[in-house]
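Novice: Attaching a predicted model along with its sequence, questions to come.
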Protein chains: 2
Amino acid sequence: MTMNWEALYSERLGSMTTSVIREILKVAQSPEVISLSGGWPEADLFPTEQLQEVAAHVMRETPREALQYGLTDGSIGLRQLLAEQMQAQGVPAGPENILITSGSQQALDLLGRILLDEGDCVIVEAPTFLGAVQSFKAYGPRFVPLPLDGDGACVELLPELISRHKPKLMYLLPTFHNPAGVCLSLERRRRAVEIASEMGVPIVEDDPYGQLRYSGEPLPTLAALDSARCSAHGPRLGNTVIYLSTFSKTLTPGLRVAWAVAPVDVVQQLVMAKQGADLMTSSLSQEIAAEFIRRGWLPGQVARIRDTYRLRRDAMCAAIDDFFPSEASYYRPEGGLFLWVTLPEGLDATALLAEAAVHQVAYVPGQPFFVDGRGTNTLRMSFASVPPETIREGVRRVGEVFKAHL
Amino acid sequence: MTMNWEALYSERLGSMTTSVIREILKVAQSPEVISLSGGWPEADLFPTEQLQEVAAHVMRETPREALQYGLTDGSIGLRQLLAEQMQAQGVPAGPENILITSGSQQALDLLGRILLDEGDCVIVEAPTFLGAVQSFKAYGPRFVPLPLDGDGACVELLPELISRHKPKLMYLLPTFHNPAGVCLSLERRRRAVEIASEMGVPIVEDDPYGQLRYSGEPLPTLAALDSARCSAHGPRLGNTVIYLSTFSKTLTPGLRVAWAVAPVDVVQQLVMAKQGADLMTSSLSQEIAAEFIRRGWLPGQVARIRDTYRLRRDAMCAAIDDFFPSEASYYRPEGGLFLWVTLPEGLDATALLAEAAVHQVAYVPGQPFFVDGRGTNTLRMSFASVPPETIREGVRRVGEVFKAHL
């Protein structure tokens, strides 16, 4: 008898999907193609020499911490350092509020696992980060889209959406949105936290890019605003926002070290879920990240990244102004890796991707980022991993393709 | 309004449990306590200098491979090396049959995700590895116990169990069982693969300890026997067994690098599940493991571990013979980290643990390893992470406690 695997697969497999972006990335990996499609940071900016030094140090000085099994919550040293960092950002967390995860992707999976039953509702921005949808989908929720404009998510619509759909959580990417590149305004941030708290629906604030601001004034995170609301009688961690961040965009993605900040009870549930998921995050990676912070090298590293990406963002904006049809509009991002373009109605960015590929340039069509199937005339371009002159040439080619179809 | 997290948690949270062993380990971490309870390898055996060299090498020579995002399947270089290793063990796998996972714990989680729906049946040995039960539990299955004796699982019972319960998979630990220390006999291995194949129920073969044999003759893995059955007309990977192994016990656990070997279609489903779970395993860890293999250092490292653990196993067996009540029986393990003791009926190993703790020694009661609540008079002791003279003293103390209650 031949094993009939098809008959054995779980029902949830039907709702899981492989990322469309991932398939496009495969094509874009050809060296002749100018890829504006990736979400990868610039590898030339990785602090490889510092990382070598730090890796050797932790294996030599603290081999047990760096190489043995450790706590599922994460290294206490790293959690202490991250707690201090969070405190400096107005989030009075202790190490007991922090869970180290294997990338933020894992945090999303674990949150889905502890919060979502089949049919539960999740509010996500439209567009939203595909990876989050992918993680949550394993738990069978319904997604309700929250529209987004140049000031971020239209949070004024939340009370009605919450009343109607009774969501288990809201997933928001308020700072340098992926894919939309926009920032949630201060006023809307305040309102979002207020509504969430008053209506009893937690916000998952995904903040992988917060450190990468190239212009404009820093804004408080939702987590900081949540804590501020609770701190009338001294610093106290808020109870409404679960905050996620990562070393993937500041240090390197290959370490797979990220963290979640949450009330103690939620952290404990996440720890239990993580025990079954991967037991613990690489202790070597954790110790490397901790030692990198301890040496005070992170701010310099972030500054180097900012300087490089700022020039690339500027190059992309200038090239769009020069080469895209004037009917196209975009948000000028103040940080992050991504820029979002809306084409005139009737142009289909997915259909035109094949033509772009013929001209050896790749972008990401916007439609897959919408849970409601809208956005055929939108696209995402990344300026992070390509030098300015290549960005200009890539944008020129994309612009030609679009112009030819007007 | 205060966030009511309790009301938000998913239903599956109720069936998830934190590991009892983990709680005991916390107590046993006090330095005065002789811990025979852990499943941790001996940290003094970690090849820290070689790992330092290899880590510096991969970051210097191939920084992109070691630090950038990579494929969800895992590094192609590492998968190629592992495929060759599997081939040498009679499992004709190609890199496309291999998925790199963040520890074998993740492989178990991903297998649960792609195979198990609420209420599905899983056959596990009694006793079985707690971590597997923990991973699977997130997907709501029923467990059916398969008894085990000195020759491993009583596979002759499988046809009836399969007919009655229609399981989705069988989870077996045939080589140096955790917790029972036993090996499945060759005859039973053949029979298990035969039954699985004929009745169309896949076997998940968990093999973290296979390299750690201290005496006796090596046995083929179930994966090798499965492939042999399919290879009448040339080498072909079997279709019935999913094989799991890891670097945690041979290299170091802190890297979190393990692998699954499976038919291509199953690997593809696992990759899709892994995208949502953690996107990819640490590329730094993967490149370190690959370079360690490439340099030919793994066999020497495994030999060093074997020599040390063999002496410790011998010390533990001798101490039990000398100090345990004669009514206690145990299986002399030919490899692995664990030894399993059955006490006379009426002695409760869980109840006596507190008394052992007073005498500053810790073991793991056997009952939590049984999905059917049996095993109150059993316990697991590990000989891996304690030197021989300490093992002897620890076993003496445990023996005193048991004798006092006869």
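Specialist: Arrived safely.
Novice: For chain B, give me its nearest residue in the stretch 301-406 of chain A.
Specialist: Residue nearest to chain B within the stretch 301-406 of chain A (Cβ to the nearest Cβ): residue A:385, separated by 9.5 Å. Where C-beta positions appear, they are placed from N, C-alpha and C, glycine not excepted.
Novice: what about that residue, how many residues close to it?
Specialist: 22 (other Cβ atoms under 10 Å in any protein chain shown).
Novice: Excluding sequence neighbours, find me the nearest residue to residue A:57.
Specialist: Once flanking residues are discounted, residue A:57 sits nearest to residue A:291: 5.9 Å by Cβ to Cβ, 6 or more residues apart in numbering or on different chains.
Novice: what's the residue of the stretch 301-406 of chain A closest to chain B sitting at in phi/psi?
Specialist: phi -110, psi 20 (degrees, to the nearest 10).
Novice: all strands of chain A, in order?
Specialist: Under the criterion DSSP state E, chain A carries strands at the ranges A:34-35, A:98-101, A:121-126, A:142-149, A:152-153, A:169-172, A:203-206, A:241-246, A:258-261, A:329-330, A:338-342, A:361-362, A:364-365, A:378-382.
Novice: For the third one, name the packing helices and strands.
Specialist: Using 3 or more Cβ pairs under 8 Å, 6 or more residues apart in numbering or on different chains; DSSP states H and E as the contact criterion, the neighbours of strand A:121-126 among helices and strands are helix A:130-137, strand A:142-149, helix A:158-165, strand A:169-172.
Novice: Any idea which of these gets closest to residue B:145?
Specialist: Residue B:145 lies closest to helix A:130-137 among the helices and strands packed on strand A:121-126, at 33.0 Å (Cβ to Cβ).
Novice: Go ahead and measure how far the closest one is from the middle of the chain.
Specialist: When C-alpha coordinates are averaged (Cα atoms, centre = their mean, to the nearest Å), helix A:130-137 and its chain have centres 11 Å apart.
Novice: Could you tell me the angle between that helix and strand A:142-149?
Specialist: Helix A:130-137 and strand A:142-149 are oriented at 160 degrees to each other (axes from the mean of the first three to the mean of the last three Cα atoms, to 10 degrees).
Novice: does helix A:130-137 come close to chain B?
Specialist: Yes: contact of helix A:130-137 with chain B (Cβ under 8 Å from any Cβ of the partner chain) involves A:131, A:134, A:135, A:137.
Novice: quick one: that helix to strand A:121-126, angle?
Specialist: 170 degrees.
Novice: Now helix A:130-137: average pLDDT?
Specialist: The average pLDDT within helix A:130-137 is 95.
Novice: before we move on, back to that, of the residues of helix A:130-137 next to chain B, just the buried ones, ChimeraX syntax please.
Specialist: Remark: buried members of the residues of helix A:130-137 next to chain B, expressed as a ChimeraX selection using 16 or more other Cβ atoms under 10 Å in any protein chain shown:
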select /A:131,134,135,137
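Novice: can you list the strands of chain A in CSV and add mean pLDDT and mean neighbour count?
Specialist: Shown next, in CSV, are the strands of chain A (pLDDT from 0 to 100; neighbours: other Cβ atoms under 10 Å in any protein chain shown):
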stretch, mean pLDDT, mean neighbour count
strand A:34-35, 93, 23
strand A:98-101, 98, 27
strand A:121-126, 98, 24
strand A:142-149, 97, 18
strand A:152-153, 98, 26
strand A:169-172, 98, 27
strand A:203-206, 98, 26
strand A:241-246, 98, 27
strand A:258-261, 98, 27
strand A:329-330, 97, 17
strand A:338-342, 97, 23
strand A:361-362, 94, 25
strand A:364-365, 93, 26
strand A:378-382, 97, 26
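Novice: ok so, going back, OK, contacts around the residue nearest to residue A:57?
Specialist: Counting by Cβ atoms under 8 Å, 6 or more residues apart in numbering or on different chains, residue A:291 touches A:54, A:57, A:58.
Novice: I figured the first one was touching residue A:292, is that so?
Specialist: Yes: counting by Cβ atoms under 8 Å, residue A:54 does reach residue A:292; the two are 5.3 Å apart.
Novice: one step back: so who does the residue of the stretch 301-406 of chain A closest to chain B touch?
Specialist: A:35, A:38, A:40, A:41, A:42, A:43.
Novice: To residue B:181, which of the helices and strands packed on strand A:121-126 lies closest?
Specialist: helix A:130-137 (38.1 Å).
Novice: Not counting sequence-adjacent ones, nearest residue to residue A:238?
Specialist: residue A:226 (2.9 Å).
Novice: quick one, which of the helices and strands packed on strand A:121-126 is nearest to residue A:300?
Specialist: Per Cβ to Cβ, nearest to residue A:300 of the helices and strands packed on strand A:121-126: helix A:130-137, 28.9 Å.
Novice: mind checking how far residue A:290 is from residue B:69?
Specialist: Distance of residue A:290 to residue B:69, given as Cβ to Cβ, to the nearest Å: 22 Å.
Novice: ok so, going back, check contacts around the residue nearest to residue A:238.
Specialist: Here residue A:226 is in contact with A:193, A:196, A:197, A:203, A:238, A:239, A:240, A:241 (criterion: Cβ under 8 Å, 6+ apart).
Novice: quick one, which of residue A:54 and residue A:292 is more surrounded?
Specialist: Using other Cβ under 10 Å, the more surrounded residue of residue A:54 and residue A:292 is residue A:292, with 24 against 21.
Novice: still on that earlier bit, and residue A:290 and residue B:69? Which one has more around it.
Specialist: residue A:290 (26 against 21).
Novice: mind checking how far that one is from chain B?
Specialist: Look at residue A:290 and chain B: by Cβ to the nearest Cβ, to the nearest Å, they are 13 Å apart.
Novice: Now that residue. Nearest residue, chain neighbours left out?
Specialist: residue A:78 (4.1 Å).
Novice: That neighbour and residue A:286 touch, don't they?
Specialist: Yes: Residue A:78 lies in contact with residue A:286 (Cβ under 8 Å); the separation is 5.0 Å.
Novice: Pull up the overlap in contacts between the two.
Specialist: The contact sets of residue A:78 and residue A:286 overlap at A:100, A:257 (Cβ under 8 Å, 6+ apart).
Novice: hang on, the earlier thing: which of the contacts of residue A:385 are close to chain B?
Specialist: Checking the contacts of residue A:385 against chain B (Cβ under 8 Å from any Cβ), the matches are A:40, A:41, A:43.
Novice: hang on, the earlier thing: out of the contacts of residue A:226, flag the one nearest to chain B.
Specialist: Scanning the contacts of residue A:226 for proximity to chain B, where the rule is Cβ to the nearest Cβ, the winner is residue A:239, at 4.7 Å.
Novice: And the closest residue to the closest one other than its chain neighbours, how far from residue A:231?
Specialist: Nearest residue to residue A:239 in three dimensions, chain neighbours excluded: residue B:3, at 4.7 Å (Cβ to Cβ, 6+ apart). Residue B:3 sits at a distance of 16 Å from residue A:231 (criterion: Cβ to Cβ).
Novice: Kindly report the same for residue A:342.
Specialist: Residue A:342 is 40 Å from residue A:231, by Cβ to Cβ.
Novice: With residue A:173 instead?
Specialist: 25 Å.
Novice: now residue A:378
Specialist: 39 Å.
Novice: Same question for residue A:329.
Specialist: 40 Å.
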